[in-house]
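S.K.: Output the structure for:
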Amino acid sequence: MDAADFSAVLSEVRRFVREHVVPLEAEIDEKDEMPAEIREAAKKMGLFGFALPEEYGGLGLSMYEEAQLMFELGYTTPSLRSMFGTNNGIAGHVLMVGGTEEQKAEWLPRIASGDVLASFALTEAEAGSDPSTLTTRAHLDGDDWVINGAKRYITNAPLADVFMVFARTDPDAQRTRGISTFLVPAGTPGLTVAPKDHKMGQFGAWTADVYFDDVRVPASALVGGEAGLNRGFGTAMGCIAHGRVHISSLCVGMAERLVDESVEYARTRRQSGKLIGSFQLVQGLIADSMTDYYAGRATVLEAARAFDAGTDTKIGPSCTKYFASEMVWRVADRAVQVHGGAGYMRGVAVERFYRDARLFRIYEGTSQIQQVIIAKALLGEAARG
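M.R.: Model prediction:
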């Protein structure tokens, strides 16, 4: 995107987040629901398709540009980003990476506009950070594929219009092989979405289990057509690598907000007749958080540059996701500490962000999985013992 145009987009998103979403954060958390007017505003701004190609109605942002946009979106409740993040990220990228031209033309314009909400149905009860062990299966019956299985913690499932479903199509293949991806519209007979999960945090972003009981889809639902058969695992990993940089950027945006909340509280709160900002131990907490935020921002931007250049699409995304998710958790913990007893009270922003931040160390691959990925990539055969 032209630099001037991109600068205008960032300014408009910043204004939208700080003037319209931030004042509604407590309401969103309490009601566990994103207001309809926020969704409509996000659609008009093109936020459902910022990472999708311009030819399909998206903004076509690079990873480096997307990271900067996510810094702005991360400044508020992560449920805002979750509303359209899957369209831009792991679900939309399934079609970008592996879809046929016909599938892209049919689905991507509606995904980019927000008229269609997409879900990424990969995780299962016994296949989370290592999805190669998934057990959902699909077999050919005439000209149709029949899907059976269950998925867990699927973002936006209660609201989704289409699911990108990963299923084992060759049960005799090695674990990372024999997996394919299917486009399954909501309402397809045999597809059932369970009641939404009641989570620790990130209220307003809904997840739920999804069940497939003899769900029948046509051959055209196989992502990538015949060329995509048994190639779903590679598609998933490509989407998740992009998602790791995306989530890392969100963590940096939240860390900035937490630093701002801590600084403002320390500037105005008094103890023993003094502003707590005059206490050196409080100053130390804030300095450590600012340093973490600064390092996280630099790490994400470097990973995004390498991702765009194609020079690092594996170690970099894992390194930045590992660092940024752990970083924002430390910053959130310090923010609560700076606030003291007030930081433990519902209705105080840092208490809410403390709950919200905990999930970042789990989804898109846990911190422990990132450690394994990084170490194996560096050590090669030596990692196998």
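S.K.: Identify the bridge partners of the nearest residue to residue 218 once chain neighbours are set aside.
M.R.: Leaving aside its chain neighbours, residue 218 sits nearest to residue 144 (5.8 Å; criterion: Cβ to Cβ, 6 or more residues apart in numbering). For the C-beta atoms, the positions are set from N, CA and C on the backbone; glycine is no exception. Residue 144 has these beta-bridge partners by DSSP bridges: residue 141, residue 218.
S.K.: and residue 144, how many neighbours?
M.R.: 15 (other Cβ atoms under 10 Å).
S.K.: Residue 2 now?
M.R.: Count around residue 2 with other Cβ under 10 Å applied: 7.
S.K.: Can you give me the pLDDT of it?
M.R.: For residue 2, the pLDDT comes out at 90.
S.K.: Likewise for the one 10 residues further on?
M.R.: Taken from the predicted model, the pLDDT recorded for residue 12 is 97.
S.K.: Enumerate every residue touching it.
M.R.: With contacts defined as Cβ atoms under 8 Å, 6 or more residues apart in numbering, residue 12 is in contact with residue 45.
S.K.: in what helix or strand does it lie?
M.R.: Using DSSP states H and E, residue 12 maps to helix 3-16.
S.K.: quick one: buried residues of that helix?
M.R.: Residues of helix 3-16 classed as buried by neighbour count (16 or more other Cβ atoms under 10 Å): 6, 9, 13, 16.
S.K.: picking up where we left off before, isn't the residue nearest to residue 218 right next to residue 216, touching?
M.R.: Yes - Residue 144 lies in contact with residue 216 (Cβ atoms under 8 Å); the separation is 4.9 Å.
S.K.: for this structure, which helix is longest?
M.R.: Counting residues, the longest helix found in the chain (DSSP state H) is helix 232-268.
S.K.: going on from that one, what's the next piece of helix or strand?
M.R.: Immediately after helix 232-268, counting by DSSP H and E, sits strand 270-271.
S.K.: neighbouring contacts of that following strand?
M.R.: Contacts of strand 270-271 (Cβ under 8 Å, 6+ apart): 276, 279.
S.K.: gap between the residue nearest to residue 112 when sequence neighbours are not counted and residue 92?
M.R.: Leaving aside its sequence neighbours, residue 112 sits nearest to residue 49 (Cβ to Cβ, 6+ apart; 2.7 Å). From residue 49 across to residue 92, the span is 8 Å (Cβ to Cβ, to the nearest Å).
S.K.: When the two are compared, which one has more neighbours?
M.R.: residue 92 (31 against 26).
S.K.: surely the more buried one meets residue 50?
M.R.: No - using Cβ under 8 Å, residue 92 makes no contact with residue 50, being 10.0 Å away.
S.K.: Where does pLDDT dip in the chain?
M.R.: Scanning the chain for pLDDT under 70 picks out no residues.
S.K.: could you pull out the helices for it?
M.R.: 3-16, 25-31, 36-44, 63-73, 78-88, 92-98, 101-113, 232-268, 280-309, 315-339, 349-357, 367-379.
S.K.: Which of those sits closest to residue 207?
M.R.: helix 78-88 (9.0 Å; Cβ to Cβ).
S.K.: Give me the contacts around that closest one.
M.R.: Contacts for helix 78-88 (Cβ under 8 Å, 6+ apart): 17, 21, 28, 34, 38-39, 42, 47-52, 58, 66, 70, 73-74, 92, 111-112, 114, 116-120, 155-156, 202-205, 246, 250, 254, 356, 359.
S.K.: One more: stretch 107-121?
M.R.: Contacts of stretch 107-121 (Cβ under 8 Å, 6+ apart): 39, 42-43, 46-49, 52-53, 56-58, 84, 86-87, 89-92, 94-96, 99, 151, 154-157, 159-166, 183-184, 210, 239.
S.K.: From those residues, list the buried ones, please.
M.R.: The buried subset of the contacts of stretch 107-121 - by 16+ other Cβ under 10 Å - is 39, 42-43, 46-49, 52, 56-58, 84, 86-87, 89-92, 94-96, 99, 151, 154-157, 159-166, 183-184, 210, 239.
S.K.: To what extent is residue 273 buried, counted in neighbours?
M.R.: 5.
S.K.: right, I mislabeled it, should have said residue 170
M.R.: 15.
S.K.: so how far is residue 338 from it?
M.R.: The value you get for residue 170 to residue 338, if Cβ to Cβ is used, is 54 Å.
S.K.: cool, and residue 323?
M.R.: 22 Å.
S.K.: Which of those two has more residues huddled nearby?
M.R.: residue 338 (26 against 20).
S.K.: Using a markdown table, lay out the buried residues of helix 3-16 together with distance to residue 294.
M.R.: Compiled in a markdown table, the buried residues of helix 3-16 are given as follows (distance: Cβ to Cβ, whole Å):
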| residue | distance to residue 294 |
| --- | --- |
| 6 | 22 |
| 9 | 24 |
| 13 | 22 |
| 16 | 25 |
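S.K.: Can you read off the backbone torsions of residue 74?
M.R.: Residue 74 has phi and psi values of phi -70, psi -10 when expressed as degrees, to the nearest 10.
S.K.: can you pull up the bridge partners for residue 121?
M.R.: As assigned using DSSP bridges, the partners bridged with residue 121 are residue 165.
S.K.: what about it, distance to residue 106?
M.R.: Relative to residue 106, and taking Cβ to Cβ, residue 121 is found at 19 Å.
S.K.: got the CA positions of stretch 53-60 in PDB?
M.R.: Coordinates of the C-alpha atoms in stretch 53-60 are reproduced here as PDB (Å, rounded to 0.1, in the frame of the first residue of the first chain):
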ATOM      1  CA  PRO A  53      -5.400  -9.500  -1.700                       C
ATOM      2  CA  GLU A  54      -6.800  -6.400  -3.300                       C
ATOM      3  CA  GLU A  55      -8.100  -8.300  -6.300                       C
ATOM      4  CA  TYR A  56     -10.500 -10.100  -3.900                       C
ATOM      5  CA  GLY A  57     -11.600  -6.900  -2.100                       C
ATOM      6  CA  GLY A  58      -9.000  -6.800   0.600                       C
ATOM      7  CA  LEU A  59      -6.500  -4.200   1.500                       C
ATOM      8  CA  GLY A  60      -3.600  -6.400   0.600                       C
END
